[in-house]
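Engineer: prediction below, plus the sequence it came from.
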Amino acid sequence: DLGRVGDRLELPVYAVGGFVRDLLLGHDNADMDVTVEGDGILFAEAFAVQHGGRVKSHQKFGTAVIVLPDGSKIDVASTRLEYYESPGALPTVEHSSLKMDLYRRDFTVNTLAIRLNAASFGTLIDYFGAYRDLQAKVIRVLHNLSFVEDPTRVFRAIRFEQRLNFKIARHTEDLIKNAVKMEFLEKLGGRRLLTELIQILKEKEPLKGIGRMASLGLLRFIHPDLELSLTLQEMLEDARYVVSWYDMLYLEASYESWSVFFLVLCDSLNDDEFLSTCNRLAVSEHFKEKLALARRQGNELLAGLERKLIQQGKLDNSEIYFFLRGLPVEVLLYQMAKTRNAELRRCISLYFTKLQGVRTLVRGDDLKKLGLAKGPRYREILDAVLSARLNGSVHSREDELQLVQG
Ligand code: CTP
């Protein structure tokens, strides 16, 4: 239907970029990118009128996003039509505006376009050998200044290479090394660096991306002292394991898995270094405070728990619960990946699977009925009942009430 709206407005319309790349590779890609040779905003509005949906547009860039009633999105970009005088003195429309648009992109594999207008629907347009590179599984820039123009592409190259299981072309890799050596990446703002790092850490296989970042000397942009030691590598592998374990356990879990890997990456940094890393990467103030505090508390609490474990040989469920209660999932998973103590790891896993959901059956109201004055005592009593429940020494509401009265 995009093509038909294009036909009606007499505008050439193309599906482009990552969408076409993934289509040819048989990968899912929910985001459709469309390029219109001409006024893309006009096109987006006409399409939305016909199909329902809203349009958010940026006049300045000639771009628009169509949000369809089912929530899916179509990104629309415009290329300027360029008119050239033909020898016969009649102005002819050159389709090179699409070519120029595609030439500005990062890698050849992202430069494919598919014509959507009815007359030539489905025609694949490949100006820069993209199809060849898709088949050869190669990530290749279009020109030598690509990383100078946009240093975030260094991280994008790594992300695509690992995700698609491709290989960065030799010359492209040399250009990356050169960009690192010439300190082009220093020009990147912290926020943009963080966005790219998060995207790598959110990939299905973040370790491969981290490994590649390390071998290209990019970890120092997180912190100058960071390197991929054997210990860090092991810890990352354990993090990968605990994150997939947790995701299997809680399919609907809402937590930031990327920050587990981020915490592991920063494990060798002290509190001040961690804070300065967050500052350099422009981590939001709120998230930084939360992570820094939880990281410190997590380290202290887990050390405490381990000491107790060594002293007593075994811990009660209630001891585990009160040590770990209140720590964010991200920090618990980080600690799980970090500890070399199998028993401690078992404690954290027990906390997730059994303990964190345990509740008392008596409530504050019951205490009131029993004539207990409201106050901090309430919390203490309820925690004592909870401990008994966690340790399996009360089984029913009656047991609990008896405990309160006793
Ligand atoms: N692009 C670019 N340089 C960048 C970012 C994006 O040239 N620094 C181009 C790419 O060619 C890409 C298009 O803009 O195809 C859209 O960007 P984005 O949606 O980030 O890329 P996708 O390829 O769709 O990536 P993903 O599959 O991760 O969404």
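Structural biologist: Received, thanks.
Engineer: what comes up buried for the helix or strand where residue 387 lies?
Structural biologist: In this structure, residue 387 sits in helix 376-390 according to DSSP states H and E. Residues of helix 376-390 classed as buried by neighbour count (16 or more other CB atoms under 10 Å): 381, 382, 385, 386, 387, 388, 389, 390. C-beta coordinates here come from the backbone N, C-alpha and C atoms, glycine included.
Engineer: roughly how far apart are the most centrally placed residue in the chain and residue 196?
Structural biologist: Ranked by distance to the mean C-alpha position of the chain (CA atoms, centre = their mean), the top residue is residue 202 at 3.6 Å. Taking CB to CB, to the nearest Å as the measure, residue 202 falls 11 Å from residue 196.
Engineer: start from the N-terminal end of the stretch 151-300 of the chain and give the helices.
Structural biologist: 152-164, 170-181, 190-202, 206-215, 230-249, 257-265, 271-280, 285-312 (DSSP state H, counting those that start in this stretch).
Engineer: ranking those helices by burial, who's on top?
Structural biologist: Mean neighbour count (mean count of other CB atoms under 10 Å) peaks for helix 257-265 among those, with a mean of 24.
Engineer: can you list the residues of this protein near the ligand?
Structural biologist: Within the chain, the positions adjacent to the ligand are 17, 18, 29, 31, 33, 105, 106, 110, 150, 152, 153, 156 by CB under 6 Å from any ligand atom.
Engineer: I'd guessed the residue nearest to the centre of the chain sits against residue 258; true?
Structural biologist: Yes - contact criterion CB atoms under 8 Å: residue 202 and residue 258 qualify, at 4.9 Å.
Engineer: which other helices and strands does the helix holding residue 387 contact?
Structural biologist: Secondary-structure packing of helix 376-390 (3 or more CB pairs under 8 Å, 6 or more residues apart in numbering; DSSP states H and E): helix 317-324, helix 364-369, helix 397-405.
Engineer: in a markdown table: those, plus mean pLDDT and mean neighbour count.
Structural biologist: A markdown table is the format used below for those (pLDDT from 0 to 100; neighbours: other CB atoms under 10 Å):
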| stretch | mean pLDDT | mean neighbour count |
| --- | --- | --- |
| helix 317-324 | 94 | 20 |
| helix 364-369 | 83 | 14 |
| helix 397-405 | 88 | 15 |
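Engineer: so what's the residue in the stretch 201-350 of the chain that the ligand sits nearest to up against?
Structural biologist: Closest contact between the stretch 201-350 of the chain and the ligand, by CB to the nearest ligand atom, is at residue 203 (9.2 Å). Applying CB atoms under 8 Å, 6 or more residues apart in numbering to residue 203 gives the contacts 159, 162, 163, 209.
Engineer: about what we covered before: for residue 52, which of the helices of the stretch 151-300 of the chain is the nearest?
Structural biologist: Closest to residue 52 of these is helix 190-202 (CB to CB; 31.5 Å).
Engineer: per-residue confidence averaged over that closest one?
Structural biologist: Averaging pLDDT along helix 190-202 gives 95.
Engineer: repeat for stretch 372-386
Structural biologist: Averaged across stretch 372-386, pLDDT comes to 85.
Engineer: what's next to that stretch, contact-wise?
Structural biologist: By CB under 8 Å, 6+ apart, the residues outside stretch 372-386 that reach it are 318, 321-322, 358-360, 362, 364, 367-368, 394, 400, 403-404.
Engineer: if you rank every helix and strand of the chain by mean pLDDT, what lands last?
Structural biologist: Across the helices and strands of the chain, mean confidence by mean pLDDT, DSSP states H and E is lowest for strand 91-94: a mean of 48.
Engineer: can you name the element that comes right after that strand?
Structural biologist: Taking DSSP H and E as the definition, the helix or strand right after strand 91-94 is helix 96-103.
Engineer: what about residue 157, distance to residue 205?
Structural biologist: Residue 157 sits 16 Å away from residue 205, going by CB to CB.
Engineer: what's the closest non-adjacent residue to residue 316?
Structural biologist: residue 391 (5.3 Å; CB to CB, 6 or more residues apart in numbering).
Engineer: read off the pLDDT value for that neighbour.
Structural biologist: So, for residue 391, pLDDT stands at 94.
Engineer: in this protein, which residue sits closest to the ligand?
Structural biologist: residue 18 (2.4 Å).
Engineer: burial check on that residue, number of neighbours?
Structural biologist: Using other CB atoms under 10 Å, residue 18 has 17 neighbouring residues.
Engineer: mind listing what it touches?
Structural biologist: 29, 31, 33, 110.
Engineer: now do the end-to-end distance for stretch 367-377.
Structural biologist: 10 Å (CA to CA, to the nearest Å).
Engineer: brain fart, stretch 308-324
Structural biologist: Span of stretch 308-324 from end to end, CA to CA: 13 Å.
Engineer: swap in stretch 47-59?
Structural biologist: For stretch 47-59, the end-to-end distance is 17 Å (CA to CA).
Engineer: which parts of the stretch 1-150 of the chain are strands?
Structural biologist: Per DSSP state E, counting those that start in this stretch, the stretch 1-150 of the chain carries strands over the ranges 13-16, 32-37, 54-58, 63-67, 73-79, 82-85, 91-94, 113-115, 124-125, 138-139.
Engineer: what pairs with the longest one, parallel or antiparallel?
Structural biologist: Using DSSP bridges, strand 73-79 pairs in its sheet with strand 32-37 (parallel), strand 63-67 (antiparallel).
Engineer: make a markdown table out of the ones you listed and add mean neighbour count and mean pLDDT.
Structural biologist: Below are these laid out as a markdown table (neighbours: other CB atoms under 10 Å; pLDDT from 0 to 100):
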| stretch | mean neighbour count | mean pLDDT |
| --- | --- | --- |
| strand 32-37 | 23 | 94 |
| strand 63-67 | 20 | 94 |
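Engineer: which residue packs closest to residue 1, ignoring adjacent ones?
Structural biologist: residue 51 (6.8 Å).
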